[in-house]
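Student: need a structure here:
(4 chains)
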Number of protein chains: 2
Amino acid sequence: MSVGGATMDERVPRDFETLRATILDRRASLPKRIAQIAAYALDNPDDIAFGTAASIAASAGVQPSTLIRFAQQLGFDGFTSLQQVFRERLRERNSSYDERLAALRAKAEEGRGHRAIFDGFVAAASTSLGDISRSLNDAHFEEAVALLAKAETIYVLAKRRSYPVASYIAYALGKLKIRNQLVESAAGLNAEMIGFATPRDAVIAISFSPYAPATIEETRSIAEQGVPIVAITDSSFSPLAQFAKVWFEVAEADFGGFRSISATMALAMALTVAVGEKRREAGRRRKG
Amino acid sequence: MSVGGATMDERVPRDFETLRATILDRRASLPKRIAQIAAYALDNPDDIAFGTAASIAASAGVQPSTLIRFAQQLGFDGFTSLQQVFRERLRERNSSYDERLAALRAKAEEGRGHRAIFDGFVAAASTSLGDISRSLNDAHFEEAVALLAKAETIYVLAKRRSYPVASYIAYALGKLKIRNQLVESAAGLNAEMIGFATPRDAVIAISFSPYAPATIEETRSIAEQGVPIVAITDSSFSPLAQFAKVWFEVAEADFGGFRSISATMALAMALTVAVGEKRREAGRRRKG
DNA sequence: GTCAATATGAAATATTAATTCCAATCTACA
DNA sequence: TGTAGATTGGAATTAATATTTCATATTGAC
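Tutor: As a prediction, the model looks like this:
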């Protein structure tokens, strides 16, 4: 018997990587539903490993029979043998997170080559996340959230290396429908923009050593207008700290002279979402 | 009804660690065959997760019914629900094996309050970093670095959620004195900007589901000009993949509907610095 | 050593899940 | 627009797997 023109003695992928490559190779020529389950399989390999044909099919939005056809097109004789590959993949992962991290660090130090650079950044990011999760002060966090949640407009202030964080905050606040203003300097109108801020607003200012003079200057100026400031910075001696109502000290590990920004990002996301949450709570309370 | 003197309303272990403790606690009082399967279970947890009652019983040298009695003595209503605990463990450990991380996640789930949000984002970031460090393909990485290193100008293309990553890449490339152009649309001149790119340049395009149509369109257009593209995206079926010479699939964990971008950031930083490194090497070779 | 209680093995049964089949629906091409 | 071939959905069928049952064996108390 032949399936889809392919004889049964063709090579059946035995390991996950081969299987993955095979799927990607054929994806253009797959029919719609088969492609749908193919995409689901590669995006949710764990679900394939643990689920039943029926449950997987339902999650992927197809019929169980489609799942079996998919397996057969790949040369397996049914869903069950396809599933074996996904299970095998899970069994092979056995090293602990700490061991992996240690290995990464070792590789990054000893090893040349570009993979080592990647490993170095992953290790730096992991370290920074570990540090911040230990050191973050709950009370400060609550205070910052409270302060930002009651602001009419949240101004977000950052330059250079911190700017990506600021742009992410602005994006996330926007998605949460919280009024905000990213202070960036394309037209040199920052001073005017800042001039609009009132004590009923609030500021998130982010700056790391060497502190961008413009950020400091703008923060000072907005502080003098009585606008409360939440600062994210990297030292208690940071010039931002003196202007801020609440400030966070984030120690980012570096690799090859480039500092991670993962911890800052995580803090920024958490602040943003927590502010959204707090506003929802407040909204409910007013209505109820 | 009571089983082995234990009432049914007693606490059934839901996670592997509790289960393990329970087994060790009772092992002295277990009958011979039950003890045998108990020992087997703790020694070969992966087999329990994936096997069938019959296959596990055979490996452990007992009858299937013994396996079920074992499960029932622990308070489960059958082998199937006992197996869930072993599967859950594998799933957890797969995304992150680390106990600290597991603890974080537990806190983030159980606990309300804003600290839980922060813990959730840290956990999501750590998970994503673990995933990418396992899944990144060295050859792809080298290829991307080579491709970008020989570009005259590197165009960086991203919108919305991916924009912070792009802005970071642009900043870092600038610090490394590598000519680059961030394609952003303040003045709606993206098409013109893209028009300047030639096959001697290169592009880093970043987009995640739901893919910003503008990013896709611009990527297509620049690909048609013969400019080689390195894509960072989240699924093998991403529309970006078809235009790219090299592409990376980054699976970011999410928390509360907001996806992490830590893994993407780490990859972006590594790519950038590796390109800088490669250029330095090439420069030395030309001089020496 | 005998009895009662408990534990075990093996087969029967019930349950669940995989697979197949067929009719309905699309799609490509004339 | 009509038609053959491919694709799909959904129910029917078959296979597998978990669970129950019951007869037998083992253990421990008296």
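
Student: what bits of chain A have low per-residue confidence?
Tutor: For chain A, the stretches flagged by pLDDT under 70 are A:1-11, A:92-112, A:185-188, A:284-288.

Student: just the helices in it please.
Tutor: Ranges of helices in chain A, per DSSP state H, are A:16-26, A:32-43, A:45-50, A:53-60, A:64-73, A:79-92, A:97-110, A:114-135, A:138-149, A:163-175, A:190-195, A:213-224, A:262-287.

Student: dump the ones you listed to TSV, plus distance to residue B:34.
Tutor: Heads up, the C-betas are built off the backbone N, CA and C, glycines and all. Shown next, in TSV, are the helices of chain A (distance: least, Cβ to Cβ, whole Å):
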stretch	distance to residue B:34
helix A:16-26	36
helix A:32-43	38
helix A:45-50	26
helix A:53-60	31
helix A:64-73	37
helix A:79-92	26
helix A:97-110	34
helix A:114-135	41
helix A:138-149	46
helix A:163-175	53
helix A:190-195	72
helix A:213-224	67
helix A:262-287	46
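
Student: next, format these as a markdown table and append mean neighbour count.
Tutor: Below are these laid out as a markdown table (neighbours: other Cβ atoms under 10 Å in any protein chain shown):
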| stretch | mean neighbour count |
| --- | --- |
| helix A:16-26 | 16 |
| helix A:32-43 | 19 |
| helix A:45-50 | 20 |
| helix A:53-60 | 17 |
| helix A:64-73 | 19 |
| helix A:79-92 | 17 |
| helix A:97-110 | 16 |
| helix A:114-135 | 23 |
| helix A:138-149 | 18 |
| helix A:163-175 | 22 |
| helix A:190-195 | 15 |
| helix A:213-224 | 18 |
| helix A:262-287 | 20 |
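
Student: can you put those in a markdown table and add distance to chain B?
Tutor: Listed next are these as a markdown table, based on distance: least, Cβ to the nearest Cβ, whole Å:
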| stretch | distance to chain B |
| --- | --- |
| helix A:16-26 | 5 |
| helix A:32-43 | 4 |
| helix A:45-50 | 5 |
| helix A:53-60 | 13 |
| helix A:64-73 | 14 |
| helix A:79-92 | 5 |
| helix A:97-110 | 3 |
| helix A:114-135 | 4 |
| helix A:138-149 | 5 |
| helix A:163-175 | 4 |
| helix A:190-195 | 15 |
| helix A:213-224 | 14 |
| helix A:262-287 | 4 |
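
Student: which one of those lies closest to residue B:162?
Tutor: Nearest to residue B:162 among the helices of chain A is helix A:163-175; the distance by Cβ to Cβ comes to 9.7 Å.

Student: packing partners for that closest one?
Tutor: For helix A:163-175, the packing partners by 3 or more Cβ pairs under 8 Å, 6 or more residues apart in numbering or on different chains; DSSP states H and E come out as strand A:154-158, strand A:180-183, strand A:202-206, helix A:262-287, helix B:163-175.

Student: so what's the gap between it and the chain middle?
Tutor: Relative to its chain's centre, helix A:163-175 lies at 12 Å (Cα atoms, centre = their mean, to the nearest Å).

Student: before we move on, what about stretch A:113-130?
Tutor: Centre-to-centre, stretch A:113-130 and its host chain are 16 Å apart (Cα atoms, centre = their mean).

Student: what's the answer for stretch A:50-70, then?
Tutor: Using Cα atoms, centre = their mean, the offset of stretch A:50-70 from its chain centre is 29 Å.

Student: before we move on, what about stretch A:42-62?
Tutor: The chain centroid and the centroid of stretch A:42-62 are separated by 24 Å under Cα atoms, centre = their mean.

Student: so which residues make contact with it?
Tutor: Applying Cβ atoms under 8 Å, 6 or more residues apart in numbering or on different chains, the external contacts of stretch A:42-62 come out as A:16, A:20, A:23-24, A:33, A:36-37, A:40-41, A:63-64, A:66-68, A:79, A:82-83, A:86-87, A:89-90, B:87, B:91, B:94, B:235-237, B:251.

Student: ok, which of those also contact DNA strand D?
Tutor: Subset of the contacts of stretch A:42-62 in contact with DNA strand D: A:33, A:63-64, A:66, counting by Cβ under 7 Å from any atom of the strand.

Student: which parts of the stretch 51-200 of chain A sit against DNA strand D?
Tutor: A:62-66, A:69, A:80.

Student: any chance of the residues you listed in JSON lines, with distance to residue A:278 too?
Tutor: JSON lines is the format used below for those (distance: Cβ to Cβ, whole Å):
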{"residue": "A:62", "distance to residue A:278": "41"}
{"residue": "A:63", "distance to residue A:278": "44"}
{"residue": "A:64", "distance to residue A:278": "44"}
{"residue": "A:65", "distance to residue A:278": "48"}
{"residue": "A:66", "distance to residue A:278": "45"}
{"residue": "A:69", "distance to residue A:278": "49"}
{"residue": "A:80", "distance to residue A:278": "49"}
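
Student: out of those, who's nearest residue A:281?
Tutor: residue A:62 (39.6 Å).

Student: what's the closest one sitting at in phi/psi?
Tutor: Note on residue A:62: backbone dihedrals following degrees, to the nearest 10 are phi -130, psi 180.

Student: what's the burial count for it?
Tutor: A count of neighbours around residue A:62, defined by other Cβ atoms under 10 Å in any protein chain shown, yields 19.
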